[in-house]
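Enquirer: what's the 3D shape of this:
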Amino acid sequence: MKRRVVVTGMGAITPIGNTLEDMWAGVKAGRCGIDFITQFDTSHFKVKIAAEVKNANIEERMDKRAAKRMDRFSQFAIIAAKEAYIQSELENAEIDRNRFGVQVSSGIGGLATIEREHSKALEKGFDRISPFFVPMNIVNLAAGNVAIELGARGMCSCVVTACAGGTNAIGDAFRHIRDGYAEIMMAGGAEASITPIGIGGFSALRALCESNQPARASIPFDKERSGFVMGEGAGMMVLEEYEHAKARGAKILAEIVGYGATCDAHHMTAPSPDGAGAAAAIKQAVSDAGIQPQQIGYINAHGTSTPLNDSIETTAVKSAFGEHAAKLAVSSTKAMTGHMLGASGAVEAVITAKAVGEGYLPATINYCTPDPECDLDIVPNKGRASEFEYAMSNSLGFGGHNASIIFRKY
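Expert: Coordinates of the predicted model:
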């Protein structure tokens, strides 16, 4: 018999709030976290805006010495994980730490560290590279550092599936508990790629919006959308086996009930035009949850604000839900946070769990021009109260990766 899995803690550090509650207040206020880049000089860049984490105060929220030996993406992971850990009241709980695992995704890892140390090497010689260069930049070290910080001695892994990574990490952690391999998992994603080569690379790919107007840059499902806006941050969840959580008197925030993962096997960066892969992941998640499609009341869409993604995701939702698609609320919170790559699915999972828990539909802000190819109820500009039992979060990544997870109101 498959075991039930619940959420007992959440944490976030994002462009619209540096804690879970600040971020959720930002979601409800329709706050836009996009502004002009401050982390480097953009004079010679076409793209000058991004969704940066602001006033992070890193060294006030974690050990200063440890922070200096971590890239920004790992720092974000630690901060969000500690918040989730504290909320779950695991700090002083008697638990079997060999049955406490970690699954944290990142799409790119320590890009800022790679750039900095490469520049130093060219200037001063390759023997002058920091001895912390490798452990600061490799992608799995967000997961490793979280495990060290929390004393989690179970499976510690890092799924790297580009923009689907955060959702895959939570889905894989869900299965790990449900199938009996652990009682507790810290799961999520972290990213910090607002760097010269990060912005330059995605700009060269023609994936980023070049409008440089913060309020009209990340505009999912809007006919005038022209590319995504790079974001950064982290989202984390404590997932726990239901009976284990009940036995220790944990407060249950939501239940995770379904997960689907597929691949388009179509193109390196473009989604399959018919949306079949994304639709299959959605159907898998619904089947896995043992529910009917019409029981889903809200979808936090991948909704990147790129011309291809938003229309194809609309097609996928229609394919998976049939007539029910017209009754579904399908919004993209990337209009507020930008696209956090490997952290996006994790942060959006946290938002989705909050949405189903509180009965609130987050808005797709800064929406102006309807697109006939994106004709779902995208909750334009203003969020609204609505009671629903099940909510889904979708993520689609370069390489054709598709992932969907479903939360149930507890």
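Enquirer: and the strands in the stretch 151-300 of the chain, which stretches?
Expert: 156-157, 184-191, 233-241, 254-263, 296-300 (DSSP state E, counting those that start in this stretch).
Enquirer: partner strands of the third one, parallel or antiparallel?
Expert: It refers to strand 233-241. strand 5-13 (antiparallel), strand 184-191 (antiparallel) (DSSP bridges).
Enquirer: same check, this time on the shortest one
Expert: Each strand that strand 156-157 pairs with, and the sense of that pairing, follows from DSSP bridges: strand 100-105 (parallel).
Enquirer: in CSV, list the C-alpha atoms belonging to the partner strand.
Expert: Extracted C-alpha coordinates of strand 100-105, given in CSV (Å, rounded to 0.1, in the frame of the first residue of the first chain):
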residue,chain,number,x,y,z
PHE,A,100,15.8,12.0,6.5
GLY,A,101,16.9,12.8,2.9
VAL,A,102,17.5,15.8,0.7
GLN,A,103,16.6,16.4,-3.0
VAL,A,104,17.5,19.9,-4.2
SER,A,105,17.7,20.9,-7.9
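Enquirer: in that strand, what's buried?
Expert: Neighbour-count burial for strand 100-105, with 16 or more other CB atoms under 10 Å as criterion, is recorded at Phe100, Gly101, Val102, Gln103, Val104, Ser105. C-betas here are computed from N, CA, C, even on glycine.
Enquirer: now that strand: average pLDDT?
Expert: Summarised as a single mean, pLDDT over strand 100-105 is 98.
Enquirer: which residues touch the following helix or strand past it?
Expert: With elements assigned by DSSP states H and E, the helix or strand that comes after strand 100-105 is helix 111-124. The contact list for helix 111-124 (CB atoms under 8 Å, 6 or more residues apart in numbering) reads 71-72, 128-130, 133, 136-137, 192-193, 195-198.
Enquirer: closest one of the buried residues of strand 100-105 to Met62?
Expert: Here the nearest of the buried residues of strand 100-105 to Met62, counting by CB to CB, is Val104; it sits at 15.1 Å.
Enquirer: okay if I get the contacts of helix 111-124 as TSV plus pLDDT, neighbour count and distance to Gln294?
Expert: Converted to TSV, the contacts of helix 111-124 look like this (pLDDT from 0 to 100; neighbours: other CB atoms under 10 Å; distance: CB to CB, whole Å):
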residue	pLDDT	neighbour count	distance to Gln294
Asp71	97	27	44
Arg72	97	26	42
Arg128	95	10	62
Ile129	95	15	57
Ser130	95	14	55
Phe133	95	18	52
Met136	96	24	48
Asn137	95	21	46
Ala192	98	31	40
Ser193	98	26	38
Thr195	98	24	44
Pro196	98	18	48
Ile197	97	15	46
Gly198	98	23	41
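Enquirer: farthest-apart pair in those residues, please.
Expert: Arg128 and Ser193 (24.5 Å).
Enquirer: what's the neighbour count on the nearest residue to Ala250 once chain neighbours are set aside?
Expert: Closest residue to Ala250 apart from its sequence neighbours, by CB to CB, 6 or more residues apart in numbering: Thr8 at 4.4 Å. Neighbourhood size, Thr8 [other CB atoms under 10 Å]: 24.
Enquirer: next: Pro372.
Expert: 8.
Enquirer: and it, what's its pLDDT?
Expert: Per the predicted model, pLDDT is 97 at Pro372.
Enquirer: how much space between it and Phe221?
Expert: Computed as CB to CB, to the nearest Å, the Pro372 to Phe221 distance reads 11 Å.
Enquirer: got it, and Val104?
Expert: For Val104, the distance to Phe221 - CB to CB - is 30 Å.
Enquirer: Pro271 now?
Expert: From Pro271 to Phe221 the distance is 15 Å (CB to CB).
Enquirer: likewise His44?
Expert: According to CB to CB, His44 and Phe221 sit 32 Å apart.
Enquirer: look at the two and report which has more neighbours.
Expert: Phe221 (28 against 7).
Enquirer: show me this protein divided up by domain.
Expert: Listed by automatic domain parsing, the domain ranges of the chain are 5-247, 259-408.
Enquirer: make CSV out of those and add distance to Leu253.
Expert: What follows is those, written out as CSV (distance: least, CB to CB, whole Å):
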stretch, distance to Leu253
domain 5-247, 5
domain 259-408, 6
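Enquirer: quick one on the thing from earlier: now flag whichever of the buried residues of strand 100-105 is closest to Asp172.
Expert: Of the buried residues of strand 100-105, the one sitting nearest to Asp172 (CB to CB) turns out to be Gln103, at 5.6 Å.
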